[in-house]
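Chemist: test case, fold it:
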Amino acid sequence: MKYSALFTIEIEHDYFSVTKPDLLRIVPTRGTESILSGAGLISKFYQNRLFVLVRHLELTTPVLALQNDFELQFFIEIVGFDFSLITNYHTDDPYNKKLYFSNGYSIVDGNDRAVDGTLYLNEKLPQFNAANEYHYNDLVRSGSNIAYECLQKLPANTGNLNNNSHFRKLPVISYVNPGTALLFSGQTKVMKVQTPAAEINLRYYQYNAASKQYDTEIKHTHIGPVENPTNEIIDEVLLNFHHESNSPFSEGIYRITINAQEEFLYFRPDNDWQPYLGLINIHNNLLAAGTDYRFLKEDGTFFMEPPGNVEIAVRNYKIHFAPSQYLLKYVCKSNKVTDITDDDGIIEFDNLGSNVFQSKLPVRMSETAIDTISVSYDGSDVLQKTKLPGYRRLSQLDDENKYMVSETFLNL
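Modeler: Next up is the predicted model:
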């Protein structure tokens, strides 16, 4: 029996330059396991990639027992203990806020998520705006989709993409960023009101396939003088994902406005999402972002590779993570070390006194040790190719940048 790939989801991480990322795993939800089994599909996760395969009854005939209008769902889970340590992604509410990946249209602007022909499932990086304040580890993109990462705190109206001490220029890549995260909710959720008031208009909106925006109002709750006769100032509201008839909303993303406050939430009736890093939705319906993001045609047939049209055209989706950044700090045993330099001339060091040398700006974490560091030792030749032993001794500075620091102790 023969199987052919229908689509793949690849996890990429810039920390890994030699080996494959082994920090995360993609697993189907229970509902998707049932769909796959009944449709003649199987999913296999190998190294850093999920393969969804279709069975052939004969050598040249793939068979798919599945209606065309459907979606498949997968959880992405952390299996590597050091994921948060080496990854430039952190959340202040990991229990309720999850990463949301999709082959649908962007929540931010209603466009697809592709960059330079690559079918990313994460939201695009926010476009750089000089009027904004930026912080160490922030990721942005230029108008031509070149990625940049911030190297230090930059007050509003001071940031410059062309200043190498402000931003590090990266390739045309779309990284997972805070815009990829959503608040998740079960049947109800308590939400803080940013501007407390005695009167509240709470509106729920669902996705509109025509406008590609979340602008179709499906529910309106008003709290006014009748509901709040004492004029009490309301600082939190209870979101309820049920219609007036008490039937639950369908699963998915909803835009909710609380007066002028706007929130996007993902409603999932089952609380099975809580242990995971995030959820992946692969649509093959109106929610899919155009032909390039669909893995079946609208009539349910396969896309085929031209010109022979014998092999299935595989959709290769990607999720891409950026590594953390950290300062290099060398603590020497004696005052015999007079200087520490980078042979490539990229990393510059400050002599902090007390036999301590520290890089001026952060460097990107990598599984490949930096081997271009040279140590100038009093009365001796320069000691070259001093490898940095990874990220095992990390600390954090108590300054405005809150830099992570990799400390290396030299017995010199």
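
Chemist: what's the domain layout of this protein?
Modeler: Here the domain parsing of the chain from automatic domain parsing is 2-108+272-321, 187-267, 326-410.

Chemist: mind checking which of those domains is nearest Pro178?
Modeler: domain 2-108+272-321 (7.7 Å; Cβ to Cβ). Using the backbone N, CA and C atoms, a C-beta is placed for each residue, glycine as well.

Chemist: would you single out the least confident of the domains of the chain?
Modeler: Among those, domain 326-410 carries the lowest mean pLDDT, at a mean of 84.

Chemist: and the end-to-end length of it?
Modeler: Start-to-end span of domain 326-410 (Cα to Cα, to the nearest Å) is 18 Å.

Chemist: re the thing from before, now the domains of the chain in TSV, with distance to Val172?
Modeler: What follows is the domains of the chain, written out as TSV (distance: least, Cβ to Cβ, whole Å):
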stretch	distance to Val172
domain 2-108+272-321	11
domain 187-267	24
domain 326-410	17
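
Chemist: ranking the ones you listed by burial, who's on top?
Modeler: The highest mean neighbour count among these, using mean count of other Cβ atoms under 10 Å, belongs to domain 2-108+272-321: a mean of 17.

Chemist: gap between the two ends of that domain?
Modeler: End-to-end distance for domain 2-108+272-321, by Cα to Cα: 33 Å.

Chemist: which ones are touching the closest residue in space to Tyr293 that isn't next to it in sequence?
Modeler: Spatially, and ignoring its direct neighbours in sequence, Tyr293 is nearest to Asn103 (4.2 Å; Cβ to Cβ, 6 or more residues apart in numbering). Contacts for Asn103 (Cβ atoms under 8 Å, 6 or more residues apart in numbering) come out as 113, 119, 121, 281-283, 288-289, 293-294, 315, 317.

Chemist: what's the distance between Asn103 and Ile256?
Modeler: Distance, Asn103 to Ile256, by Cβ to Cβ, to the nearest Å: 24 Å.

Chemist: try Val190
Modeler: Val190 sits 13 Å away from Ile256 when distances are taken as Cβ to Cβ.

Chemist: give me the common contacts of these two.
Modeler: Joint contacts of Val190 and Ile256 (Cβ under 8 Å, 6+ apart) are Leu239.

Chemist: show residues contacting stretch 204-220.
Modeler: 105, 107, 110-111, 201-203, 241, 243-244, 249, 252-257, 264, 286-287.

Chemist: middle-most residue in this structure, spatially?
Modeler: Val176 (2.5 Å; Cα atoms, centre = their mean).
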